[in-house]
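*Asks:* Pasting the sequence and the predicted model now:
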Amino acid sequence: MRFDLLSRKADYIGITGSVLCIIHCLATPILLMTSALLRNDAVRTSYLSLDYLFIGINIAAVYFATRHAPSRIRTLLWGFLSLFAVALLLEDVSEIFEYLAYAASTGLVLTHLANLRFCRGHE
């Protein structure tokens, strides 16, 4: 029963997780420069480690969204998720990975929306 509910809500969870990740990534530089709270190493590390939470949320959302999705949607979701995870993990290596994470997150949002509109509209 729980897995059925997760399957029906997976696209909404994926969209929410990806949008929150974009907001988090856009807000981080501003907060690091302006907030005294994020100058504390423990708080800063916790805040910056939210990337792993977003990866986990999106893994679960893509898994449950693709259980009954057509192969094209399945391929796009897993591809964007892979790109998203790699880009987040490597964003300290080069600035290009940060932009790649934004693009992959946007791709996840758009593909989840397509899955809702074209594939799940009949449910």
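*Replies:* Thanks, I have it.
*Asks:* Which pLDDT does the model give the residue nearest the centre of the chain?
*Replies:* For the chain, the residue sitting closest to the mean C-alpha position, by Cα atoms, centre = their mean, is residue 18 at 3.4 Å. Per-residue confidence for residue 18 comes out at a pLDDT of 90.
*Asks:* Kindly provide the distance from it to residue 12.
*Replies:* Relative to residue 12, residue 18 is positioned 11 Å away (Cβ to Cβ, to the nearest Å). Quick note: C-beta positions are derived from backbone N, CA and C, even for glycine.
*Asks:* Find residues that contact each of these two.
*Replies:* Listed as contacting both residue 18 and residue 12 by Cβ atoms under 8 Å, 6 or more residues apart in numbering are residue 112.
*Asks:* could you check the distance from residue 78 over to residue 33?
*Replies:* Using Cβ to Cβ, we find residue 78 at a distance of 36 Å from residue 33.
*Asks:* who's more crowded, the two?
*Replies:* For residue 78 versus residue 33, neighbours defined as other Cβ atoms under 10 Å are more numerous around residue 78 (15 against 8).
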